[in-house]
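Peer 1: Provided below for reference: sequence and predicted model.
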Amino acid sequence: MKILITGVAGFIGMHVAKRFLEKGHKVFGVDNLNDYYDVQLKKDRLENLNEKNYKFVFKKIDITEYEKLSVFVKDQVFDLVIHLAAQAGVRYSIVNPHAYIDSNVTGFLNVLEICKNNQIKHLIYASSSSVYGNNKKKDFVVDPNTMQIGQVTYIPGSGLFEKVTNAVTFEEAFRPYVFEETAS
Ligand SMILES: NC(=O)c1ccc[n+]([C@@H]2O[C@H](COP(=O)([O-])OP(=O)(O)OC[C@H]3O[C@@H](n4cnc5c(N)ncnc54)[C@H](O)[C@@H]3O)[C@@H](O)[C@H]2O)c1
């Protein structure tokens, strides 16, 4: 398979990319390598993905820049897009609220447009623990009242995708490795 992963230098992106590369798939990755946390750590992750004979292509691109993303993706036939580029964390939204709107709203919309314009039929995108809302129950249940961009854009019922997976379960999968601040 040929897969596009956004946020490939991130915590989840790198692990997901590595798993696909180990299985012999071709991974195209983008990331803007922002300094929300240690940039060297992100670069080290990319080094890790360039090891061995992995079929890995990386381009430093900010997903808010539609044209750059579009050029990178043009003429490629992707079986799957895994969208993980995002401004994560909660407290930082007080310091830099624009980062959240830019990456998580505008950037996500750009990724959707890329999928639409390149006839990509399978999209997996990261959700947020915020979907659990103010749920007091011990066994988390997604709060149906929580508005997510996926619910307010053209994903549902559009017929654009054969399959859309909103990966709300990252929280559980990665919990042992995550700081409180990044669990968002
Ligand atoms: N870590 C968790 O436990 C957890 C749980 C649930 C959901 N999520 C979600 O999964 C996604 C990935 O989480 P993570 O822990 O890997 O975060 P991360 O911050 O480690 O990775 C995100 C990556 O996206 C990149 N990025 C940010 N904005 C970008 C932009 N505009 N253009 C290009 N690249 C950009 C960053 O440089 C970073 O490398 C996020 O949406 C997060 O909210 C994470």
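Peer 2: Received it, and whenever you're ready, just let me know what you need.
Peer 1: Taking the protein, what residue is nearest to the ligand?
Peer 2: Proximity to the ligand, evaluated over the chain using Cβ to the nearest ligand atom, is greatest for Gly10 at 2.0 Å. (Each C-beta comes from the backbone N, C-alpha and C, glycine too.)
Peer 1: Please verify my assumption that that residue contacts Lys42.
Peer 2: Yes: Gly10 sits in contact with Lys42 when judged by Cβ atoms under 8 Å, with a separation of 7.2 Å.
Peer 1: which residue ranges form the helices in this protein?
Peer 2: Secondary structure of the chain by DSSP state H: the helices cover 11-22, 39-49, 66-73, 92-95, 97-100, 108-117, 149-152, 170-174.
Peer 1: how long is stretch 79-88 from one end to the other?
Peer 2: Using Cα to Cα, to the nearest Å, the span of stretch 79-88 from its first residue to its last is 26 Å.
Peer 1: buried ones in that stretch?
Peer 2: 80-88 (16 or more other Cβ atoms under 10 Å).
Peer 1: for stretch 15-26, same thing?
Peer 2: Of the residues in stretch 15-26, those buried by neighbour count under the rule 16+ other Cβ under 10 Å are 16-18, 20-21, 25-26.
Peer 1: which residues touch that stretch?
Peer 2: Contact with stretch 15-26 is made by 1-3, 5, 8, 27, 29, 48-49, 54-57, 82, 84, as judged by Cβ atoms under 8 Å, 6 or more residues apart in numbering.
Peer 1: Now cross-check these against the ligand and list the overlap.
Peer 2: Restricting these to those near the ligand by Cβ under 6 Å from any ligand atom leaves Leu84.
Peer 1: Mark which of the contacts of stretch 15-26 are buried, thanks.
Peer 2: Burial of the contacts of stretch 15-26 was assessed by neighbour count (16+ other Cβ under 10 Å); the buried members are 3, 5, 8, 27, 29, 48-49, 54, 56-57, 82, 84.
Peer 1: For Ala17, give its distance to Lys68.
Peer 2: Distance from Ala17 to Lys68, counting by Cβ to Cβ, to the nearest Å: 20 Å.
Peer 1: Please apply the same query to Asn53.
Peer 2: Distance of Asn53 to Lys68, computed by Cβ to Cβ: 28 Å.
Peer 1: hmm, back to that, the helices of the chain: lowest mean pLDDT?
Peer 2: Averaged per stretch, pLDDT over these is lowest on helix 149-152, reaching a mean of 49.
Peer 1: that older thread, which one's more surrounded, Gly10 and Lys42?
Peer 2: The neighbour count for Gly10 versus Lys42, taken as other Cβ atoms under 10 Å, is higher for Gly10 (27 against 23).
Peer 1: The spatially closest residue to that one that is not a sequence neighbour: what's it in contact with?
Peer 2: Using Cβ to Cβ, 6 or more residues apart in numbering and skipping residues adjacent in sequence, the residue nearest Gly10 is Leu84, 5.8 Å away. Residues touching Leu84, when contacts are defined by Cβ under 8 Å, 6+ apart, comprise 5-8, 10, 12-13, 16, 125-126.
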